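# here is my input, please return the structure:
(4 chains)
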Protein chains: 4
Amino acid sequence: MKAFFMNDYGEGAHPLVMQRLMETNMEHTCGYGLDEYSLRAQELIREKIGQPQAQVHMMTGGTSANMVALSAFMRPYEAVVSAQTGHINVHETGAVEGSGHKVLIASSSEGKVLADGVRAVCAGHTDEHMVHPRVLYISQPTEVGTVYSLAEMRALRAACDDCGLILFVDGARLGSALTSSECDMTLCDLAALADCFYIGGTKNGLLFGEAMVIVNPALQKDFRYMIKNRGGMIAKGRLCGVMFLAALEHDDYFAWARHANAMADIVREGMVRGGVEFFQRTATNQIFPVLSRAQEKALAERFMFEHWADLPDGRVAVRFVTSWATQEADARLLADALEAL
Amino acid sequence: MKAFFMNDYGEGAHPLVMQRLMETNMEHTCGYGLDEYSLRAQELIREKIGQPQAQVHMMTGGTSANMVALSAFMRPYEAVVSAQTGHINVHETGAVEGSGHKVLIASSSEGKVLADGVRAVCAGHTDEHMVHPRVLYISQPTEVGTVYSLAEMRALRAACDDCGLILFVDGARLGSALTSSECDMTLCDLAALADCFYIGGTKNGLLFGEAMVIVNPALQKDFRYMIKNRGGMIAKGRLCGVMFLAALEHDDYFAWARHANAMADIVREGMVRGGVEFFQRTATNQIFPVLSRAQEKALAERFMFEHWADLPDGRVAVRFVTSWATQEADARLLADALEAL
Amino acid sequence: MKAFFMNDYGEGAHPLVMQRLMETNMEHTCGYGLDEYSLRAQELIREKIGQPQAQVHMMTGGTSANMVALSAFMRPYEAVVSAQTGHINVHETGAVEGSGHKVLIASSSEGKVLADGVRAVCAGHTDEHMVHPRVLYISQPTEVGTVYSLAEMRALRAACDDCGLILFVDGARLGSALTSSECDMTLCDLAALADCFYIGGTKNGLLFGEAMVIVNPALQKDFRYMIKNRGGMIAKGRLCGVMFLAALEHDDYFAWARHANAMADIVREGMVRGGVEFFQRTATNQIFPVLSRAQEKALAERFMFEHWADLPDGRVAVRFVTSWATQEADARLLADALEAL
Amino acid sequence: MKAFFMNDYGEGAHPLVMQRLMETNMEHTCGYGLDEYSLRAQELIREKIGQPQAQVHMMTGGTSANMVALSAFMRPYEAVVSAQTGHINVHETGAVEGSGHKVLIASSSEGKVLADGVRAVCAGHTDEHMVHPRVLYISQPTEVGTVYSLAEMRALRAACDDCGLILFVDGARLGSALTSSECDMTLCDLAALADCFYIGGTKNGLLFGEAMVIVNPALQKDFRYMIKNRGGMIAKGRLCGVMFLAALEHDDYFAWARHANAMADIVREGMVRGGVEFFQRTATNQIFPVLSRAQEKALAERFMFEHWADLPDGRVAVRFVTSWATQEADARLLADALEAL
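Numbers count the residues shown, from 1 in each chain, chains lettered A, B, ... in the order given. The predicted model follows:
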């Protein structure tokens, strides 16, 4: 069987999470996320981020989380600013536009939105013949695995303050960012800077689920109505509560993410030893080597991974992803294979 | 601890389902419902309904299932016809309207849409100053637990054919309908009559999930785009595949529903013995007694159930719900309590 | 040629309006309603209603006016309450739902929403599984030509205050209501009670145009963005300014409406003399006689009017409409014909 | 008084159009564009374009026309391809996104979408995680006044055929394009290539109105429902019929456009004589000189025009627009002023 580096959602849940689901399976609770497990998970998250006024809501997935929150925060003529590579701009089948809002593109570098780019977009939207920029959407880490530094995010926060924008952070892979060797930001730092962000569960050990944290009280009103209106509220809401409690109460969530990054480090080290070029340098759980087509084909016989892009020079970029479930032996196998290319 | 008759989604999943999730938990599969488990579950459903051309898609919940399908089938000015009590009309926070479509109300009896009512709605919508009726939405069983007979559903099908309507059947509690003593319709009958319907998992033993069956090929195009566009596609789509396989491969799904109905029968028999009036007669897993306020209060000390309606004469209607998880001892306890009122 | 009683939009504009359009035709102004004529018309309206803080916007037609305003005032899960007969509910091809919002039906009498009906709707919408009522939509006069009294509208205002609703008044035929013999309300009264209303031009002497008056400052933000976003802003916005100035600066608008009502009175008197039954009693410019089919056919040879409804007893209801353009001779001809039936 | 070169919608209508409105003002017709004038105008347009099967609908303005048509032609997950500078992308306050659809950007040159750019966008949208490109939106002339040649439009048509795209042409200034010295395309050529296009009236002599021509029968179904659903249908629809008849029956429409272009030619010749640089070369009724700030200020004392862009070198681009209403004396005055800079 081939070693799996295709993505970070190829398995079920971390065994600890499954164990908690089994233990609580036959308990009766009320539905739709109003149960004790969900309430405790929400409280735990508020404590961990140091924002007692924050609201926490459990969402079923990333696209739903982004679309529900963004459409909750904007009036019909308002728009969200994103990097060209932003998940909402490319990989959500127009869900944000489907809820009625334009995605405006700000200039970016290595997948990271530039504060000046944000200001330029806002400066260029001056009257009622154009949409009104209202939210800045970023993800931490970015779509291409890079990580915003604390200084960079502060600069974005300042740009948002100057331009009257809400700062929304997609945290589908937040664990991987916060435990990255390149990250100088804590969860509390993030929570202090963002108006709203989420802690992604799907890609870090849960069956599904993203914990949406609305830090800014001005954005909290009637959010449960929004979730239901957009089809994002599930009956057995307690599942997310149970799973996030399992992941967060002893900080296993971060341990899993650290493991994923460590596995990625092993792979990256193999690349460096082998002199394999990076399509995009990252310090999180996604690795983007540049390969010849022959190399890609050879690796594909032993490893599962994703073809990322065709390069102008005939070569290709591919993507390897590690996760809480990646075995160290597999990572070393891949590292050796890359080294030996 | 009080016996639980609050709803049919108060626990996790049936132990058999959990077992399968555990067994497959560490397997690697591709995401978004394109894995082998999902494909096998889809094929199994096609076989069971006798419609080899049908498309099957796994949805995360009822509101999402309804909204995604209805908005996939309609152009912006088209409307869906429903009973006043229809779930889409009352209990989905305007999700259908949120996707841009009006819900038109047809006359109904005991929660069941009347074929003549459908024809009357269509006859009354004649030009471009009014919406154009395009879909008939019904649920089997209905929102109030009643069951369409085969003859009734054929009459609705005929009305749909005459009026150019798509027949869409919400099957959130389909198991309970099909195994009801009052039901003279098989799953194959339903599949032969409906253009689209779904087999509800959330309320019959799964953690979550509804299997959307698009029988009519004219409605199948690009449905996965629609799911994603509306935020209804989850990364670990194989979960639904695994769960529906567990539920359906040996027809446990129907056994669970039959159990829920049997438990409801026990409760109903207690009501009959005690001379307790029915707010709405049903032969499925929802029971609606009429009680005095004192009786409601007394029962609430020992049982968990839902207050349903205040009646003009000062009495109340309440709702008891049974499920795959209801213990026979609890059902008998409730039956005795109702008998002794 | 048949005498025209089909509707109140069958001609162009009142000659006075056309004259002003001709006089100003070759003047250069800036576009999109920011010109001097539009500003003066807005100021004039503010003066006439006694609400200096009000915002006035020129809209191209009733459906656009209703949809733009309602979608400006609501968040996605919020709903508007209307009479069953409300224009937004029946005759706008789902424009309000097309903008994402449910129309909830409150009980009504003679086309007039009842305050208790409003309270009942709000009382029945209690949690996030249902839409949240946010706006009360009424029209003055109603769809069936009846007029709210000052007391009735105050009762609705009180219900809105109690329930947290915005009071929105569709004034497509506002002139006819305010100059009706049955009306005890002034334009200032209306402006003091409503959060938002409009003064309809299309049906009272203009080529097109409705003057939207947003009385409540909390609803005024960015309304021009909303108009543009919904496709309701025209380049030569000054046309509405010129036309409303023509209509309002010497109160001709009300004279025209008074004329329409007077013509309707003549027709009604004929009906009374002839003992013709009213389908719906009105004191505005719409008249609804009940006729036999033979009578309808006979009248149709000499008059243009609209078939309104088939009655259960085999008779029909028809609608005659008068306007600023109705000739007294034609009204007398119709009155005589009705008397002689 | 300053000479007016601000835009091509600064006056009312061409006197001939006003005359026809006056002549027909007191005639009674049925409403909503079903009158004889509208039918005759539609028939006339079908004859002129040589497409007897085409549907023609009168729209109130450009943004409404674009949004109604595009949302009629697409399912929710489908997207429209446009140049970055496209009116729908920049100057419609997100109306297209407000109707639920993403605008995708294809590479362009001088405001003209490149066929290869269209193919590249389509090639990059391959699965249900991304929107599905469905319409190519172009305008003739473009937003910056340039004109597609017949060869260029045929290349776009071929790209559309290869990619399964509908070709939609915004003709807000179509007259100016078709009568431009650089245009080698007839109205019939355009109609033979486009699936849908419109003949803009607002910017070429009408009070308002765009004649939407749906050439492709597959796109015609229920379009009047769409117009009404989006708030774009006016009661006195005959106004557009009367105005388009006036403009088209003796081809005055093209004479007016030719006049506008001739006036622009005079201005351009002055620029050439004066050696004034073009920001964007055009052969239609928009002229974009590059000026120093001092020159801009000096000209602004005698002429009304629009500031277009700040250039990196400190200079500015401005826009002069001519129209059917531009006086030759004013054009010569401006030409002289530009020559003398």
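
# now do the helices in the stretch 151-300 of chain A.
A:174-178, A:187-193, A:223-229, A:238-248, A:252-274, A:293-300 (DSSP state H, counting those that start in this stretch).

# any idea which of the ones you listed is most buried?
helix A:174-178 (a mean of 29; mean count of other CB atoms under 10 Å in any protein chain shown). C-beta here means a position set from N, CA and C on the backbone, and glycine is covered the same way.

# got the contact list for that helix?
With contacts defined as CB atoms under 8 Å, 6 or more residues apart in numbering or on different chains, helix A:174-178 is touched by A:140-141, A:147-148, A:171, A:183, A:185-187, A:190, A:197-200, A:203-204, A:253-254, A:256-257, A:260-261, A:284-285.

# try 6 Å this time
A:140-141, A:147, A:183, A:187, A:199-200, A:204, A:253-254, A:257, A:260-261, A:284-285 (CB atoms under 6 Å, 6 or more residues apart in numbering or on different chains).

# same deal with stretch A:185-203?
With contact meaning CB under 6 Å, 6+ apart, stretch A:185-203 is reached by A:8-9, A:49-51, A:65, A:69, A:150, A:153, A:157, A:166-169, A:171-174, A:178, A:208-216, B:235.

# neighbours of the residue of the stretch 151-300 of chain A found nearest chain B, how many?
In the stretch 151-300 of chain A, no residue comes nearer to chain B than A:Gly231, which is 3.5 Å away by CB to the nearest CB. Residues lying near A:Gly231 (other CB atoms under 10 Å in any protein chain shown) number 30.

# do the same with A:Asp116
12.

# the strand or helix carrying it - contacts with which helices or strands?
Using DSSP states H and E, A:Asp116 sits in helix A:115-123. The contact analysis (3 or more CB pairs under 6 Å, 6 or more residues apart in numbering or on different chains; DSSP states H and E) places helix A:115-123 against strand A:103-106, strand A:132-139, helix A:150-163.

# contacting residues around the residue of the stretch 151-300 of chain A closest to chain B?
By CB under 6 Å, 6+ apart, the neighbours of A:Gly231 are B:63-64, B:67, B:95.

# which of these fall within helices?
Residues from the contacts of A:Gly231 lying in helices, with DSSP state H as the criterion: B:63-64, B:67, B:95.

# just checking, A:Ile234 touches B:Phe208?
Yes: with contact defined as CB atoms under 6 Å, A:Ile234 reaches B:Phe208; the gap is 5.3 Å.

# out of the two, which sits in the busier spot?
Neighbour totals were compared for A:Ile234 and B:Phe208, and A:Ile234 leads with 28 against 25 (other CB under 10 Å).

# what is the burial count for the closest residue in space to that one that isn't next to it in sequence?
Spatially, and ignoring its direct neighbours in sequence, A:Ile234 is nearest to B:Gly61 (4.8 Å; CB to CB, 6 or more residues apart in numbering or on different chains). As a burial measure, B:Gly61 scores 23 neighbours (other CB under 10 Å).

# let's see the pLDDT reported for B:Gly61.
We have a pLDDT of 97 for B:Gly61.

# next, work out how far apart it and A:Gly241 are.
Distance check for B:Gly61 against A:Gly241: by CB to CB, to the nearest Å, it reads 16 Å.

# any idea how far the residue of the stretch 151-300 of chain A closest to chain B lies from chain D?
Per CB to the nearest CB, to the nearest Å, A:Gly231 is found 13 Å from chain D.

# burial of the closest residue to that residue other than its chain neighbours, as a residue count?
Closest residue in space to A:Gly231, ignoring its immediate chain neighbours: B:Ser64 at 3.5 Å, by CB to CB, 6+ apart. The local packing of B:Ser64 (other CB under 10 Å) involves 26 other residues.

# just A:Ile138 next, same as before
By the criterion of other CB under 10 Å, A:Ile138 has 27 neighbours.

# surely it and A:Leu114 touch.
No: between A:Ile138 and A:Leu114 there is no contact under CB under 6 Å: 10.7 Å.

# what about chain A, any weak spots by pLDDT?
For chain A, no stretch has pLDDT under 70.

# is A:His307 in a helix, a strand, or coil?
What DSSP: H, G, I helix; E, B strand; the rest coil gives for A:His307 is strand.

# and it, what does it touch?
So A:His307 contacts A:Val318 (CB under 6 Å, 6+ apart).

# how near is it to chain B?
For A:His307, the distance to chain B equals 14 Å [CB to the nearest CB].

# partner residues bridging that residue?
Judged by DSSP bridges, the bridge partners of A:His307 are A:Val318.

# endpoints of stretch A:49-64, how far apart?
23 Å (CA to CA, to the nearest Å).

# contacts for it next, please.
Counting by CB under 6 Å, 6+ apart, A:33, A:42, A:45-46, A:65, A:92, A:95, A:172, A:187-188, A:191, A:208-215, A:217, A:220, A:223, A:232, A:240, B:60, B:231, B:234 sit against stretch A:49-64.

# so what's the most centrally placed residue in chain A closest to, chain neighbours aside?
Nearest to the geometric centre of chain A sits A:Ala172, at 2.1 Å (CA atoms, centre = their mean). With CB to CB, 6+ apart as the criterion, A:Ala172 has its nearest non-adjacent residue at 4.0 Å, and that residue is A:Gly200.

# bridged to that neighbour, which residues?
Note on A:Gly200: beta-bridge partners by DSSP bridges are A:Glu210.

# how close does it get to chain D?
For A:Gly200 relative to chain D (CB to the nearest CB), the value is 17 Å.

# now that residue: how far from C:Ser139?
If you go by CB to CB, the gap between A:Gly200 and C:Ser139 works out to 49 Å.

# which one's more surrounded, the two?
C:Ser139 (31 against 28).

# that older thread, the contacts of stretch A:185-203, buried ones only, as a PyMOL selection?
Buried subset of the contacts of stretch A:185-203, written as a PyMOL selection, criterion 16 or more other CB atoms under 10 Å in any protein chain shown:
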select buried, (chain A and resi 8+9+49+51+65+69+153+157+166+167+168+169+171+172+173+174+178+208+209+210+211+212+213+214+215+216) or (chain B and resi 235)
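
# quick revisit: convert the C-alpha atoms of the helix holding A:Asp116 to CSV, please.
C-alpha atoms of helix A:115-123 as CSV (Å, rounded to 0.1, in the frame of the first residue of the first chain):
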residue,chain,number,x,y,z
ALA,A,115,-1.5,45.6,4.3
ASP,A,116,-0.8,48.1,1.6
GLY,A,117,-2.8,46.0,-0.8
VAL,A,118,-5.8,46.2,1.6
ARG,A,119,-5.4,49.9,1.8
ALA,A,120,-5.2,50.2,-2.0
VAL,A,121,-8.4,48.2,-2.5
CYS,A,122,-10.3,50.4,0.0
ALA,A,123,-8.9,53.6,-1.5
